[in-house]
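A.B. asks: All I have is the shape, not the residue letters:
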Ligand code: AMP
Ligand code: ZN
């Protein structure tokens with residue numbers, strides 16, 4: 001079944017139409033959070049990409065089955081080039097907070113869901129946890145061993161044999177002959193691997209005593225990549241129409257997932273590999289050491305509507321690296337408030353031009369269906385806002401329609417007037433005083449200042465009245 005949505009497939013390196021192979025529902029898998037900390041706004045950009053896709057399909061009347069995993073075991077700390085080398089991220093955090101690793105997992109998992117709710121993200125059909133799907137992973141690993149794609153090393157870890165999957169590297173372009181020995185690819189080296197680019201599917205417990213499970217190969221825990229193969233194959237019945245994640249996951253995570261899934265299934269499991277570009281904050285990569293990790297709650301603490309983040313992301317193309325700033329967030333917050341104010345003023349103003357609403361809505365959908373061109377769709381919304389000929393009721397109806405896709409709560413009541421800032425209140429008081437004193441030059445100057453802050457002032461026999469522009 002066709003969907004009309006064209007999106008860039010990293011593997012094919014071209015735009016491809018999203019289709020529903022089973023004829024009734026698009027099967028979507030989105031790599032979820034590793035729940036050892038709160039998601040930062042960069043992670044949220046990737047998660048919102050998934051929501052946008054889901055909403056476009058919904059709007060076009062197409063069902064989707066959206067699965068997002070919760071990584072709560074097996075994701076090891078990485079070095080600068082992204083190789084897994086250190087301790088399990090959950091265990092490191094459990095030591096830092098002196099809490100059981102499963103308590104850590106549930107705490108940050110709850111935070112993840114709370115963030116998604118604040119961002120109007122439609123919940124996934126399921127959020128399977130790695131720690132609760134160990135059997136699925138073990139079954140898949142056993143199958144890979146039986147079919148000669150995996151082997152048990154002398155160290156009791158199970159490795160995937162990269163050379164057993166000749167088309168390895170098609171997503172990222174990192175083919176096996178270009179991956180040189182000496183480069184550390186994975187957690188355990190120690191000569192147990194037969195080939196330098198093999199990776200661990202199951203890791204032997206060794207000295208580790210927490211978050212370990214029995215297995216046919218001895219006690220241990222699963223690797224991170226096998227989690228996504230096992231979950232996508234199981235929860236999406238062996239076929240993924242669209243696989244989403246941040247660009248950093250292209251290699252090795254998705255490359256390894258593809259090899260595992262295809263080797264086990266015997267066919268190409270994922271139709272479309274889609275990657276969202278990274279988010280920078282104030283010009284720099286977000287990192288703990290740079291001290292610029294920004295969370296959704298940091299926005300809320302500054303009085304910024306969480307949906308301003310959604311708007312900022314939509315102002316940029318998902319495939320471009322994007323620099324988020326406090327200024328852009330504040331500007332998006334003001335825009336949202338202005339739109340909501342206008343929406344409430346437009347309601348009931350004249351008749352609705354149904355033909356126009358339908359054309360406008362279809363035009364917005366068409367922009368987004370073309371590789372998620374949200375910046376262009378938003379330009380159309382701004383043009384509509386300024387249009388001098390349409391009735392308010394027509395504009396309001398257009399806002400209502402496109403908000404099914406944008407999820408910006410455009411029909412929500414605007415901030416109360418009383419919430420005008422202290423600065424605005426002071427300027428209004430000064431202007432009222434200037435008029436009483438008949439200092440009209442001063443009163444005009446203050447009006448200009450207020451206009452710049454988004455306030456319109458009108459004078460009447462009973463004094464000045466103000467409103468948001
Ligand atoms: P993690 O919780 O680190 O496993 O990451 C969850 C998701 O966020 C993955 O899809 C990553 O690719 C994505 N991600 C991580 N950092 C960023 C960033 N700065 N910008 C956009 N997406 C990111
Ligand atoms: Zn994944």
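C.D. replies: Arrived safely, thanks for sending. Just so you know, these numbers come straight off a predicted model, no measurement behind them. Ligands and ions are numbered 1, 2, ... in the order given.
A.B. asks: For whatever residue of the stretch 1-150 of the chain ends up closest to ligand 2, the count of nearby residues, please.
C.D. replies: The minimum distance from the stretch 1-150 of the chain to ligand 2, using C-beta to the ion, falls at residue 31 (3.2 Å). Where C-beta positions appear, they are placed from N, C-alpha and C, glycine not excepted. Using other C-beta atoms under 10 Å, the number of residues around residue 31 comes to 24.
A.B. asks: which ones are touching it?
C.D. replies: 46, 68, 69, 228, 244, 245, 246, 249, 253 (C-beta atoms under 8 Å, 6 or more residues apart in numbering).
A.B. asks: do you know how far the fifth one is from ligand 1?
C.D. replies: Using C-beta to the nearest ligand atom, to the nearest Å, we find residue 244 at a distance of 8 Å from ligand 1.
A.B. asks: was I right about that residue contacting residue 29?
C.D. replies: Yes: under the criterion of C-beta atoms under 8 Å, residue 244 makes contact with residue 29 at 7.1 Å.
A.B. asks: Which residues of the stretch 1-150 of the chain lie near ligand 1?
C.D. replies: Taking C-beta under 6 Å from any ligand atom as the contact definition, the stretch 1-150 of the chain meets ligand 1 at 31, 33, 34, 42, 43, 45, 46.
A.B. asks: out of those residues, which are inside helices?
C.D. replies: 42, 43, 45, 46 (DSSP state H).
A.B. asks: Next up, the contacts around residue 97.
C.D. replies: residue 104.
A.B. asks: Quick one: end-to-end distance for stretch 13-32.
C.D. replies: Length of stretch 13-32, first residue to last, C-alpha to C-alpha, to the nearest Å: 24 Å.
A.B. asks: Give the buried residues for that stretch.
C.D. replies: By 16 or more other C-beta atoms under 10 Å, the buried positions in stretch 13-32 come out as 16, 18, 19, 20, 25, 26, 27, 28, 29, 30, 31, 32.
A.B. asks: mind checking which helix or strand the second one is in?
C.D. replies: Which is residue 18. Using DSSP states H and E, the element containing residue 18 is strand 14-19.
A.B. asks: Check the gap between the residue of the stretch 251-400 of the chain found nearest ligand 2 and residue 380 for me.
C.D. replies: Using C-beta to the ion, the single residue of the stretch 251-400 of the chain nearest to ligand 2 is residue 253, 5.5 Å away. Residue 253 is 36 Å from residue 380, where distance means C-beta to C-beta, to the nearest Å.
A.B. asks: now what about stretch 197-204, what contacts it?
C.D. replies: 74, 137-138, 141, 144, 150, 155-162, 168, 176, 179, 185-188, 215, 217-223, 225-226, 252, 256, 260.
A.B. asks: Let's see which of those residues end up in strands.
C.D. replies: Counting by DSSP state E, the part of these found in strands is 150, 158, 159, 160, 220, 221, 222.
A.B. asks: gap between the fifth one and residue 202?
C.D. replies: Relative to residue 202, residue 220 is positioned 5 Å away (C-beta to C-beta).
A.B. asks: what do the two both touch?
C.D. replies: residue 157.
A.B. asks: So for the two, which residue has more residues nearby?
C.D. replies: Neighbours of residue 220 and residue 202, each counted by other C-beta under 10 Å, are more numerous for residue 202; the result is 28 against 22.
A.B. asks: Would you map the strands across the stretch 1-150 of the chain?
C.D. replies: Counting by DSSP state E, counting those that start in this stretch, residue ranges of the strands within the stretch 1-150 of the chain are 2-9, 14-19, 25-30, 63-68, 76-78, 84-88, 150-152.
A.B. asks: For the ones you listed, could you give me a markdown table that also reports distance to residue 355 and mean pLDDT?
C.D. replies: What follows is those, written out as a markdown table (distance: least, C-beta to C-beta, whole Å; pLDDT from 0 to 100):
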| stretch | distance to residue 355 | mean pLDDT |
| --- | --- | --- |
| strand 2-9 | 21 | 98 |
| strand 14-19 | 28 | 98 |
| strand 25-30 | 30 | 98 |
| strand 63-68 | 29 | 98 |
| strand 76-78 | 55 | 88 |
| strand 84-88 | 57 | 85 |
| strand 150-152 | 60 | 97 |
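A.B. asks: And the ones you listed: which comes nearest residue 272?
C.D. replies: For residue 272, the closest of the strands of the stretch 1-150 of the chain is strand 2-9, at 4.7 Å, according to C-beta to C-beta.
A.B. asks: residues in contact with the residue of the chain found nearest ligand 1?
C.D. replies: In the chain, the residue that lies nearest ligand 1 is residue 246 (2.0 Å; C-beta to the nearest ligand atom). Residues in contact with residue 246, defined by C-beta under 8 Å, 6+ apart, are 31, 42, 43, 45, 46, 275, 276, 278.
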